[in-house]
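[1] From the sequence below, what's the structure:
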Amino acid sequence: MPGDCSIRALWILNNIDAVVFSRRFPVVEKRWRAACQSENESSDDDPVKYTVFSSVPSDSELAAAFSERKTREGSVRGFGIRVSQSREGSDSWVDDPITRHIVGVYINKEEEGENNLMWPLALHIKGPYCILILPLVEPRHVKAYARLCKRSDCGNAVTAHENLSSLLLDLPSITGAFMVAHAVGDIVTGDVVEPEVVVNQSPSVGGLLDSLTGSIGISGISSRAKPVAAPVASSTPAGAAAIGALASDVPKSGSRLLDKDALRSFISSAMPFGTPLDLSYSNIFSVRANGFSSLDIPPQDLKQPAWKPYLYKGKQRLLFTIHETLHAAMYDRDEIPDSLSVSGQINCRAELERLPDVSFPLTGLSTSKIEALSFHPCAQVPEQNVDKQALMFSPPLGNFVLMRYQATCCLGPPVKGFYQLSMVSEDEGAFLFKLHLMEGYKSPLTMEFCNVTMPFPRRRILSFDGTPSIGTVSNAEHSVEWKIITSGRGLSGKSIEATFPGTVRFAPWQMQRSTSFRSVFEGITDDDSDNETENTNNMANTEEFLMEKMSKDLPPVDLEEPFSWLAYNYAKVSFKIIGASLSGISIDPKSVSIYPAVKAPVESSSQVTSGDYILWNTLGKCPSAVTAKV
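    Here you go, the predicted structure:
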C-alpha cells in the first residue's frame, strides 16, 4: 500500500453526539477492502486473530460508537493514560497520552455478535463540534493497535516489542488526517484566517489598499481583477488584539453555523477522491470564485506550483514576522522548578512578480536550543551549521507560515514572582501578588501590555478589596482582572516591580456534585470519604481544615479544563512583547536574496505573546510533571 495520505471518511458531530455532516470516499474504501482481503488471506495461520472492521459504518453506528467511547473513557478525549478506571480494550489502556487525539471506536454489529475496532480516528474539537477523520492505513496496523489495547503491562517503554510511538512512525497519513481535521474545523466555525504579518513602517499605497479592502470582505483589488493576496495586519492596537488571540477549542462569538455547501465545495476541490492536495481555503475559494483567463498563463520556462494559483503584479515587497508564544508554569517553590517553553512560527508575505526563489540564513539556532522544526512544502533546507540554517523557498500566494518550531527561552521569564491565596473562611480569601516585569530585558524589547487574571470558575464573586501598586483592577462574576500595563504605555529598557494585596468575598458555598463525574471517579471519592473524619481530627491548622473541606465539596468540572480541576488556584498572565524573539532566532533583511534579482524592500519584525502563562498559588495545590532522573 503506498505511503501517501488518503482519507476513507470524515464525520462532524455536535455537542449531543449527533452526526451533522459526513463524507465517504469510495475510491479509498475500495483500496481498504482489497488490503483487508489480502491481509486475511495471508494471516490464515496466525494463532492470534483480531477483527478488523472492513467497511465504513453508517452515521448512526458511528455516533453510537463514539458516545459509548466517551462514556467508557470518562470524557470526549479520555484519560490518555491507564488509571484504575480504565478497562481492557479502551484507548486509555494503551497508556499513552496521544490516545487523547488518536482514538478508536468499537462498531457493534449485532448480526455478527461481536465488536469491531475502527482505528485510527483523528479527533479534533473545534467550537461545539467534534471532527473525526479516518485515514487509510494497513490492516496490520489496526491489528497491532488491537494488541496494545489488550496487553497486561502498563507503560509505553521504547524497548517494548510493540508500542504506540513506533507504530505511528510508520503512519504518515496520521499527520495528513490532522491537517484535514484542522482545515475542516476552521471552515465549520467560520474561523478561517490568514497568518498575520506585521508591518513595521507605514504601508505603501498598495499594502494599505489591500488591508482596507480585506477588512471589509473584498478578496482583493489590484491592477488585475484577481485576488492578489490576503490582507496584512497593521501594527495598530486593533491589529495587536487580533494577533494576541490564540487558536483554541473555544467557540468564538463570531462563529457561524455549519455551512454544509461551503464544506462540500472545499472537500471536492481540496481532496478529490479522498487525497488531500491543497488545504488552503483561501486558494480554493479564490480559484472557484474567479477561475482563470488567458492572463494567467505562467512563463513557459517556469513551472507554476499548486500553492500559487495566481501570479502577483504590482509594487513588490517581502515581509517576515517571527511570532512566538511563551508558555510558562511558575510555582515559586524550591521543590518544583519553573517551566518555560516557546512555540514559534515565521510568517511570510511575498508580493513578488513572476515565480522567484527567496533564500536567507536563519540565525540564532545555536542559542535558541531548537527542539523541533517543520517547514512549509515550498521550502528547501539545503545546508545547516552550528548557528545558521539556510532556507530557500518559492513563496505561495498571500500570507503563509514558512516555519514552525519549538524552543527554549534564552532570557528569563518576562513576568516572575508569586501569587498567594489563603482562604480565611469558606467565603472569603486573602491574596497577594508580588511580580517583577521585564527583569533583565533590554531595548529594543518592549512590553506593550500586561494583564493578570484570577479566575474562580466555581465561585461567584460578591466583592473584592485591594489597591495595586501600579495599574487598575476590575472584576466580573467569576474573575478579577489586574491591568498592570495598558496599551499605549509600553515598558521598554527597564524593569518594574508590581504588588497587589487584597481580599475577595464569594457568595455562600453550595455543594454540587455530578452523577457522571462521581461514577468516573467513584473509587477515588470513596477512598477520600473514608478518611475524612480521621483527617479532620488530625488537622490543627484552621486554614488547612478549610482548604481540605472545600477540596472535597468542590463541584466537578469538565475534564477538558485542566486548570480548573479539583482545588487548583492559579492566576493567568497575558502580555505582548515586540522588538525581538525570546528564542534568539532572527532574520537579517540585508541577508535575504531574491532570484531573479528584483528591487523589493524586505521588512522583518518580531513579537511574543503569552500562551498558558500560569502563576500557581504558592499556598495551595498545584500539578507538576516529574522530571526523569538519568
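[2] neighbours around the residue lying closest to S173 once chain neighbours are set aside, how many?
    Nearest-residue entry for S173: P135, 4.0 Å, with adjacent residues in sequence omitted and distances by C-beta to C-beta, 6 or more residues apart in numbering. All C-beta spots, glycine's among them, are computed from the backbone N, C-alpha and C. Look at P135: counted by other C-beta atoms under 10 Å, it has 26 neighbours.
[3] same question for the strand or helix carrying H124, mean pLDDT?
    Per DSSP states H and E, H124 falls inside strand 114-126. Per-residue pLDDT values across strand 114-126 average out to 86.
[4] circling back: tell me how far the residue nearest to S173 lies from H124.
    According to C-beta to C-beta, to the nearest Å, P135 and H124 sit 13 Å apart.
[5] what do you get for A372?
    Applying C-beta to C-beta to A372 and H124 gives a distance of 20 Å.
[6] buried residues in the strand holding H124?
    The neighbour-count check on strand 114-126 (16 or more other C-beta atoms under 10 Å) flags 116-126 as buried.
[7] Skip ahead from it and say which helix or strand is next.
    Next element after strand 114-126 (DSSP H and E): strand 129-135.
[8] in the helix or strand following that next one, what's buried?
    The helix or strand immediately downstream of strand 129-135 is helix 139-148, counting by DSSP H and E. By 16+ other C-beta under 10 Å, the buried positions in helix 139-148 come out as 139-146, 148.
[9] for helix 139-148, packing partners?
    helix 26-42, strand 114-126, helix 164-169 (3 or more C-beta pairs under 8 Å, 6 or more residues apart in numbering; DSSP states H and E).
[10] give me the beta-bridge partners of I577?
    M447, V608 (DSSP bridges).
[11] For burial, what's the neighbour tally of the closest residue to T275 other than its chain neighbours?
    The shortest distance from T275 to any non-neighbouring residue, by C-beta to C-beta, 6+ apart, is to S6 (5.3 Å). For S6, the tally of surrounding residues (other C-beta under 10 Å) stands at 23.
[12] In the stretch 251-400 of the chain, where is pLDDT below threshold?
    Residues of the stretch 251-400 of the chain that meet the criterion pLDDT under 70 lie in 251-257, 294-296, 298-300, 366-368, 382-388.
[13] still on that earlier bit, how far is the strand holding H124 from where the chain is centred?
    Relative to its chain's centre, strand 114-126 lies at 20 Å (C-alpha atoms, centre = their mean, to the nearest Å).
[14] now the buried residues of helix 139-148 as JSON lines including distance to E88 and pLDDT?
    Below are the buried residues of helix 139-148 laid out as JSON lines (distance: C-beta to C-beta, whole Å; pLDDT from 0 to 100):
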{"residue": "P139", "distance to E88": "22", "pLDDT": "89"}
{"residue": "R140", "distance to E88": "21", "pLDDT": "88"}
{"residue": "H141", "distance to E88": "20", "pLDDT": "90"}
{"residue": "V142", "distance to E88": "17", "pLDDT": "90"}
{"residue": "K143", "distance to E88": "16", "pLDDT": "88"}
{"residue": "A144", "distance to E88": "16", "pLDDT": "88"}
{"residue": "Y145", "distance to E88": "14", "pLDDT": "90"}
{"residue": "A146", "distance to E88": "11", "pLDDT": "88"}
{"residue": "L148", "distance to E88": "11", "pLDDT": "88"}
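[15] Can you list the residue ranges for strands in the stretch 201-350 of the chain?
    Assigned by DSSP state E, counting those that start in this stretch, the stretch 201-350 of the chain shows strands spanning 317-330, 339-351.
[16] Please identify the buried residues of the first one?
    This means strand 317-330. Across strand 317-330, burial judged by 16+ other C-beta under 10 Å covers 317-326, 328-330.
[17] just the shortest one next, same as before
    Within strand 339-351, the residues scored as buried using 16+ other C-beta under 10 Å are 340-351.
[18] Neighbouring strands of it in the sheet, and parallel or not?
    Strands adjacent to strand 339-351 in the sheet, as given by DSSP bridges, are strand 317-330 (antiparallel), strand 399-407 (antiparallel).
[19] out of those, nearest to E29?
    The closest of these to E29 is strand 399-407. By C-beta to C-beta, the value is 32.4 Å.
[20] And for the closest one, what's in contact with it?
    The contact list for strand 399-407, computed with C-beta atoms under 8 Å, 6 or more residues apart in numbering, reads 194-197, 229-230, 232, 307, 320, 341-349, 362, 368-376, 378-379, 391, 393, 583-585.
[21] and that strand, which residues are buried?
    399-400, 402-403, 405, 407.
[22] And the closest residue to P623 other than its chain neighbours, how close does it get to L421?
    With C-beta to C-beta, 6+ apart as the criterion, P623 has its nearest non-adjacent residue at 6.7 Å, and that residue is Y568. As defined by C-beta to C-beta, Y568 lies at a distance of 11 Å from L421.
[23] Could you pull out the residues contacting both of the two?
    Both Y568 and L421 are in contact with 617, 620, where contact means C-beta under 8 Å, 6+ apart.
[24] what distance separates stretch 182-196 from the centre of its chain?
    On C-alpha atoms, centre = their mean, the centre of stretch 182-196 falls 13 Å from that of its chain.
[25] C-alpha coordinates for that stretch, CSV please?
    Output in CSV follows, covering the C-alpha atoms of stretch 182-196 (Å, rounded to 0.1, in the frame of the first residue of the first chain):
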residue,chain,number,x,y,z
HIS,A,182,-7.9,21.5,11.4
ALA,A,183,-8.9,22.8,7.9
VAL,A,184,-12.4,21.4,8.3
GLY,A,185,-12.7,22.8,11.8
ASP,A,186,-11.8,26.3,10.7
ILE,A,187,-14.4,26.2,8.0
VAL,A,188,-17.3,24.9,10.1
THR,A,189,-16.7,27.5,12.7
GLY,A,190,-16.0,30.4,10.3
ASP,A,191,-12.5,30.7,11.8
VAL,A,192,-10.5,30.8,8.5
VAL,A,193,-7.8,33.4,9.0
GLU,A,194,-4.5,34.0,7.3
PRO,A,195,-1.3,34.0,9.3
GLU,A,196,-0.7,37.6,10.3
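[26] Let me see the domain layout of this protein.
    Domains of the chain are assigned by the TED database as 7-189, 317-412+582-613, 415-508+564-573.
[27] how about those domains, which one is nearest A270?
    domain 7-189 (7.1 Å).
[28] quick check, distance from that closest one to the centre of its chain.
    21 Å.
[29] Span of that domain from start to end?
    21 Å (C-alpha to C-alpha, to the nearest Å).
[30] Also stretch 311-320?
    Start-to-end, stretch 311-320 (C-alpha to C-alpha) is 20 Å.
[31] again with stretch 129-144
    OK, stretch 129-144 end separation, C-alpha to C-alpha: 30 Å.
[32] quick one on the thing from earlier: tell me which of the strands of the stretch 201-350 of the chain approaches L168 most closely.
    Of those, nearest to L168 by C-beta to C-beta is strand 339-351, at 21.1 Å.
[33] Show me what the helix or strand immediately after the closest one in the chain packs onto, helices and strands only.
    For strand 339-351, the following helix or strand on the C-terminal side (DSSP H and E) is strand 357-363. Applying 3+ C-beta pairs under 8 Å, 6+ apart, we find strand 357-363 packed against strand 388-393, strand 593-595.
[34] I'm done for today, thanks for sticking with me.
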